[in-house]
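In: okay, sequence plus prediction incoming.
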Amino acid sequence: MSATTTTSKACCNKCHGILSTPTKSICNRCKVAYHPICAKRILKSFREFKYCRTCLTHNDLIKYNPYFEVLTQDVDDGDKTYTQYPTTTNTLEFLYPLSKVMESCAVYYPNDFRKFDIPRDAVTYKFLNIDGNASNFDTFSATLTTLSHKFTVLALAETNLTNDQSSLYQLDDYRSVSQVRRRVAA
């Protein structure tokens, strides 16, 4: 009687071929490996990490944070690239807390609010780049009515309002404060 031994080798998650050498084409979140050629179609780089499509689709990984880039600017010095941090203390003291808030932001869908036990006295914020009140305000307003939670502050960006339109878009139980973009003369 002879015994057979099998050794398990790592396989590419895309083509299922055996990975013969260690690969750098690994999703930073789920740690799944890919052939370099397969990875070009599957992995996406965000900051210093690579993520597979599945992790990007089902997790809140890519965040808009303009302060992160300011705090960690890559400088190409000919021979090498290195990270340069702002040198003034005032800049760091001002930007770091803003960056930290942006990094901790999360995406929640209407059904998610049923799962949370949010204290009534909690201060909560809802931010939305509405990309035009004329085309998207009604949907936004309807979505708010379906939520079991009432936000303390609602912030809308890119409303594209003019001075005479700001009173058209009001929400019950909220006070509206508008800042109309001023056009710069050419």
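Out: Received, thanks.
In: can you pull out the low-pLDDT segments for the chain?
Out: 1-8, 22, 69-92, 182-186 (pLDDT under 70).
In: rerun that using 80 as the cut-off
Out: For the chain, residues meeting the criterion pLDDT under 80 lie at 1-10, 20-24, 47-48, 57-96, 102-116, 120, 148, 163, 166, 180-186.
In: regarding it, what is its longest helix?
Out: helix 89-104 (DSSP state H).
In: off-centre distance for that one?
Out: Mean C-alpha position of helix 89-104 versus that of the full chain (CA atoms, centre = their mean, to the nearest Å) differs by 17 Å.
In: what is the subsequent helix or strand relative to it?
Out: Later in the chain than helix 89-104, the nearest helix or strand by DSSP states H and E is strand 125-129.
In: quick one, strands of the chain?
Out: Secondary structure of the chain (DSSP state E): strands at 44-46, 49-51, 73-76, 81-84, 125-129, 153-157.
In: okay, the longest helix of the chain in CSV with CA atoms only?
Out: Provided in CSV are the C-alpha atoms of helix 89-104 (Å, rounded to 0.1, in the frame of the first residue of the first chain):
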residue,chain,number,x,y,z
THR,A,89,2.8,73.4,13.2
ASN,A,90,-0.3,75.5,12.4
THR,A,91,-0.9,73.6,9.2
LEU,A,92,-0.7,70.2,11.0
GLU,A,93,-2.9,71.3,13.9
PHE,A,94,-5.5,72.6,11.4
LEU,A,95,-5.5,69.8,8.8
TYR,A,96,-4.9,66.7,10.9
PRO,A,97,-8.3,66.8,12.7
LEU,A,98,-10.1,67.5,9.4
SER,A,99,-8.4,64.5,7.8
LYS,A,100,-9.2,62.3,10.8
VAL,A,101,-12.9,63.2,10.5
MET,A,102,-12.9,62.5,6.7
GLU,A,103,-11.2,59.1,7.3
SER,A,104,-13.8,58.1,9.9
